[in-house]
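**Q** what's the 3D shape of this:
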Amino acid sequence: MQLSPEHQMFRDSLRRFIEREINPHVDDWEAKKCFPGRQLFPKLGELGALGPSYPEEYGGGGGDYWYNYIMSEEFGGAAALGPAMGILVHTDMATPALAEFGSHELKQEFLVPAIAGEKISAIAVSEPDAGSDVAALRTVATSDGDDYVIQGAKMWITNGTQADFVVVLARTTPGDTHRGMSLLVVPTDTPGFKVSRTIEKMGNHSSDTGALTFDHVRIPKRWRIGEEGQGFVLQMKQFQKERLVGVGMALGGMDRCLKITVEYLRHRSIFGKPILNNQYIQFRLAELRTEIEMLRQMAYHCTRSVVAGVDCTLEVSMAKLKAGRLCREVADTCLQFHGGMGYAEEYPLARYFRDARLMSIGGGADEIMLGVIAKLEGYPLPS
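**A** Coordinates of the predicted model:
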């Protein structure tokens, strides 16, 4: 990809920000099991990193989607993937439908402060019994005059414990299919909303994950995004971008992991020679670098398609599948090459090994990606 000077300036500004505002604090945030969104997001807003492709009318940068993709790679290359997860959920998972389909008034009320970093957002789709199978969700929003009354529970919600508002996918019409769902904006100070618990995870410790309950939460219907009953369609529409930034985040993390490993092997000696002098290790690292760059070119292709308005569900699904599997391979290989140091928590490889594992689960598991690919390729389903 040939970046414009403006794209490159944005990338450089992100790198400086990460080195100044994120990396020095990661160990502390990991120990506290949460990054401080209230302090970090206003700084990101000042940087222009919370809405680079959103309209200038609402405080965005008015740029193309390359800015979002660049952001995903840079934040993915930070010292931990947790902050990247929280930031990218805010920019590319919780607010896209609001930005594209929300009313002007709704955008003024929620999108403007989200872009400025004054409010933190989360997306609430998954439930205790409905994750990859979005059509199986059971949270309901019952019509009551000019209001909806929401009843249900959500699970695995990134930013869930510190969000100011949550975009909730709920059933506004009874049924068991994807029809009749709507996207609703719910401020977290609304009576009846509760963070029922914080979920302890294997990795991504500095990214908070909550289980949420909605106990007769009453909101005005004007907080609905788009038409009633179109929530599932709107949510599926943004999956291309959600999974694409996931791929970018994976690539940024793999770049960092490989760089750390090469430096370690260059200076660590066994039998009187640097480990990097071993031809097998050189060839294995070269192989991984080749795989990473091939995936990057697929991600660039998908980004070009998004900018051009071309559907790339098939290619994004392929890239997401490959990213999840490749970052596990990179993490495992690099940890192995570090020997005992790779297994020690004091060294970054152990953290990356844990953090990277989520890529094959979150945002659509590998098996879901395989199902999408098979369907779009026209493979017959088993009878």
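
**Q** From the contact counts, what lies against the helix or strand harbouring residue 12?
**A** Per DSSP states H and E, residue 12 falls inside helix 5-17. Judged by 3 or more CB pairs under 8 Å, 6 or more residues apart in numbering; DSSP states H and E, helix 5-17 is in contact with helix 37-47, helix 66-76. No exception for glycine: its C-beta is placed from N, CA and C like everyone else's.

**Q** buried stuff in it?
**A** 7, 10-11, 14, 17 (16 or more other CB atoms under 10 Å).

**Q** again with stretch 14-32
**A** Those would be 14, 17-18, 21-22, 25-26, 29-30, for stretch 14-32 by 16+ other CB under 10 Å.

**Q** re earlier: please identify which pair of the buried residues of helix 5-17 lies farthest apart.
**A** Greatest spacing in the buried residues of helix 5-17, by CB to CB: 7 and 17 (15.7 Å).

**Q** picking that back up, turn the buried residues of helix 5-17 into a markdown table, including distance to residue 359.
**A** A markdown table is the format used below for the buried residues of helix 5-17 (distance: CB to CB, whole Å):
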| residue | distance to residue 359 |
| --- | --- |
| 7 | 25 |
| 10 | 24 |
| 11 | 22 |
| 14 | 21 |
| 17 | 23 |
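
**Q** Looking at these, spot the one nearest residue 278.
**A** residue 11 (33.7 Å).

**Q** quick one, strands of this protein?
**A** Assigned by DSSP state E, the strands in the chain fall at 121-124, 140-144, 147-158, 165-171, 181-187, 193-198, 209-220, 224-225, 269-270, 273-274.

**Q** low pLDDT regions in the stretch 151-300 of the chain?
**A** By pLDDT under 70, the low-scoring segments of the stretch 151-300 of the chain are 176-177.

**Q** mean confidence for stretch 68-88?
**A** For stretch 68-88, the mean pLDDT works out to 97.

**Q** picking up where we left off before, how far off centre is the helix holding residue 12?
**A** How far helix 5-17 lies from its chain's middle: 20 Å, per CA atoms, centre = their mean, to the nearest Å.

**Q** Hey, what's the angle from it to helix 66-76? Just curious.
**A** 20 degrees (axes from the mean of the first three to the mean of the last three CA atoms, to 10 degrees).

**Q** Can you name the residues in contact with helix 5-17?
**A** 3, 43-44, 47-49, 52, 63, 66-67, 70-71, 74-75 (CB atoms under 8 Å, 6 or more residues apart in numbering).

**Q** From those, pick the one nearest residue 114.
**A** For the contacts of helix 5-17, the nearest to residue 114 is residue 44 (10.8 Å; CB to CB).

**Q** quick one: that closest one and residue 117 touch, right?
**A** Yes. Between residue 44 and residue 117 there is a contact at 5.3 Å, judged by CB atoms under 8 Å.

**Q** Would you mind putting the helices and strands packed on helix 5-17 into a markdown table with mean neighbour count and distance to residue 315 alongside?
**A** Shown next, in a markdown table, are those (neighbours: other CB atoms under 10 Å; distance: least, CB to CB, whole Å):
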| stretch | mean neighbour count | distance to residue 315 |
| --- | --- | --- |
| helix 37-47 | 17 | 29 |
| helix 66-76 | 25 | 14 |
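
**Q** Save those as CSV, and put in distance to residue 288 too.
**A** Below are those laid out as CSV (distance: least, CB to CB, whole Å):
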stretch, distance to residue 288
helix 37-47, 31
helix 66-76, 16
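
**Q** So which of the ones you listed is nearest residue 347?
**A** helix 66-76 (19.3 Å).

**Q** Also compute the angle for the closest one relative to helix 37-47, please.
**A** 140 degrees.
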